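In: Here's a sequence, model it:
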Amino acid sequence: MTRSGIIGGVIAALAIGGAGAAFAVAWRPAIAAIDPPAPQSFPADLVKHGRELAAIGNCNDCHTVREAKNFAGGLPVPTPFGTIFSSNITPDADTGIGRWSEAAFARAMRSGVDREGRHLYPTFPYDHFTNVSDEDDRALYAYLMTREAVHAPARENQLAFPLNQRVVVAGWKLLFLHRGTYQPNPAKSAEWNRGAYLVEGLAHCGACHTPRNALGAERASASFAGGDVDNWQAYALNAQSPAPVPWEAGALYAYLHRGWHPDHGTARGPMAEVVSNLAQVPPSDVRAIAIYMAEVLGPPPPDRRREAVLAEATPGPAAQTEAQGAAIYAAACATCHESGRPPPYGGINLGLSTAISGPDPRNLANIVLSGVRPLEGERSPIMPGFADSMSDAQIAQLLNYLRSRFGRQPAWSDIEKAVADARRTETAALHTSAGARHAPADPAQRDKP
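Out: I've put the predicted structure just below:
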């Protein structure tokens with residue numbers, strides 16, 4: 001055999017071997033379909049526990065389109081790589097998980113593989129759910145299998161090649177999926193360990209509050225250092241937290257349980273959905289989460305006590321360049337925020353606002369545009385949105401003034417762009433949600449009634 005023939009043979013062998021190895025890594029067997037189990041076959045207490053766990057996991061908000069059926073999927077999840085649509089997790093036999101056995105459900109939670117053996121995209125945070133116990137997976141399965149079955153075919157993801165090939169996900173898992181359940185820390189209290197189990201597992205807090213690398217995985221070296229979610233900044237929840245008054249366990253518990261705290265304001269954006277769900281779970285679990293996260297945040301610096309922060313934020317006269325923003329503030333904001341009434345009847349003292357002290361103006365722009373909606377059935381803070389009554393230029397002037405008057409950091413840059421992006425994102429979200437409710441899943445069916 002010639003030298004070139006030998007080299008060609010080696011290359012062919014390597015290619016075949018590489019393809020075989022890739023297949024071995026990527027291939028997962030299907031798990032046999034079952035007949036949908038009868039709802040009454042699940043114990044009531046198991047279903048109740050599953051409902052609480054689903055609320056901790058925020059499952060409904062990721063798997064439900066606004067004004068559509070619960071858990072029917074179709075919610076668009078924007079990523080740097082394209083848009084992925086959440087799946088139908090109702091017990092519908094044809095389009096949901098009705099034919100999934102408990103083993104198939106557990107595999108999806110632990111390994112990110114569906115019943116048919118397809119790799120799931122990590123927008124489904126199985127890199128956290130791998131920490132969920134067998135007992136809690138069983139309860140979640142019982143809860144979902146007793147929901148209303150909704151016929152809702154999956155929408156086609158909008159991903160470019162090669163990311164639209166699920167074999168790519170297998171490679172991502174080799175790099176970033178660390179399988180295994182949470183192991184308690186014997187040096188910590190039972191309450192701390194419960195909080196750690198929930199935060200690092202089902203609650204998947206780091207999925208939003210940790211920055212990601214170029215491949216979309218959480219940066220382990222920057223845990224809880226802040227992230228980006230739907231044009232909102234999920235603030236750092238470690239020593240880098242921009243909160244003017246440091247968080248402590250009691251404030252965290254009140255904020256997570258009620259949705260607001262007088263030293264930290266009101267939950268808004270994606271966080272409002274989280275606290276709405278946490279209102280449905282046992283207070284002991286919310287307190288455990290608060291205790292664990294208070295340790296992640298670290299002890300508060302002595303120079304950032306509430307009184308010192310408010311003293312530093314005492315307003316002074318507006319500079320000439322801020323006159324327009326000051327006038328807008330006086331007309332639209334001061335009536336509530338300088339009324340002296342505590343929340344929820346008055347606005348938070350803006351010297352305590354994390355949105356004003358944050359590293360960029362996105363969250364504040366979102367709040368001014370869309371306002372703060374009250375919690376259904378409760379007395380809670382409320383603020384009107386100014387999207388229809390203020391131009392982008394006026395909102396930018398207001399934000400610049402608020403940062404200068406109440407913040408302790410340098411002025412933001414590109415405020416005008418942040419406001420325009422916030423308005424565009426809000427409009428797009430409304431249109432996309434409406435489209436997700438009404439567009440058929442199969443592209444071939446979209447022109448049919």
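
In: what about the strands in the stretch 151-300 of the chain?
Out: Taking DSSP state E, counting those that start in this stretch, the strands of the stretch 151-300 of the chain run over residues 158-159, 227-229, 232-234, 260-261, 265-266.

In: So in this structure, where's the weakest helix or strand by average pLDDT?
Out: Ranked by mean pLDDT, DSSP states H and E, the helix or strand of the chain with the weakest confidence is helix 3-26, at a mean of 41.

In: I'd guessed residue 246 sits against residue 294; true?
Out: No. Applying Cβ atoms under 8 Å, one finds residue 246 not in contact with residue 294, separated by 9.5 Å. C-beta here means a position set from N, CA and C on the backbone, and glycine is covered the same way.

In: Spatially nearest residue to the residue nearest the centre of the chain, not counting backbone neighbours?
Out: Centrality entry for the chain: nearest residue to the mean C-alpha point is residue 208, 4.9 Å, by Cα atoms, centre = their mean. Excluding the flanking residues, the one nearest residue 208 by Cβ to Cβ, 6 or more residues apart in numbering is residue 234, at 4.1 Å.

In: any idea how far the one you found lies from residue 416?
Out: Computed as Cβ to Cβ, to the nearest Å, the residue 234 to residue 416 distance reads 23 Å.

In: Neighbour count: the two, which is higher?
Out: The neighbour comparison of residue 234 against residue 416 (other Cβ atoms under 10 Å) goes to residue 234, with 22 against 17.

In: Can you name the residues that contact that one?
Out: Residues near residue 234 by Cβ atoms under 8 Å, 6 or more residues apart in numbering: 208, 209, 226, 227, 228, 270, 271.

In: and the gap between it and residue 115?
Out: 32 Å.

In: and what of residue 170?
Out: Taking Cβ to Cβ, one finds residue 170 at 17 Å from residue 115.

In: ditto for residue 159
Out: 21 Å.

In: repeat for residue 90
Out: Computed as Cβ to Cβ, the residue 90 to residue 115 distance reads 14 Å.

In: Among the two, which residue is more densely surrounded?
Out: When neighbours are counted by other Cβ under 10 Å, residue 90 and residue 115 differ, and residue 90 comes out ahead with 23 against 19.

In: ok, that one - contacts?
Out: Per Cβ under 8 Å, 6+ apart, neighbours of residue 90: 69-72, 96-98, 144, 147-150, 152.

In: can you check residue 178 too?
Out: Residue 178 makes contact with 127, 130, according to Cβ under 8 Å, 6+ apart.

In: go with 10 Å
Out: 127, 130, 131, 220 (Cβ atoms under 10 Å, 6 or more residues apart in numbering).

In: In this structure residue 260 contacts residue 383, no?
Out: No. Using Cβ atoms under 10 Å, residue 260 is not in contact with residue 383; the gap is 11.3 Å.

In: Relative to residue 196, which of the contacts of residue 178 is nearest.
Out: Distance ranking of these against residue 196, using Cβ to Cβ, places residue 131 first at 9.4 Å.

In: domain parsing for the chain?
Out: Split into domains by automatic domain parsing, the chain comes to 35-150+160-176, 182-312, 315-432.

In: element containing residue 77, please.
Out: Using DSSP states H and E, residue 77 sits in strand 76-79.

In: What helices and strands are in contact with that strand?
Out: strand 82-85, strand 158-159, helix 415-438 (3 or more Cβ pairs under 10 Å, 6 or more residues apart in numbering; DSSP states H and E).
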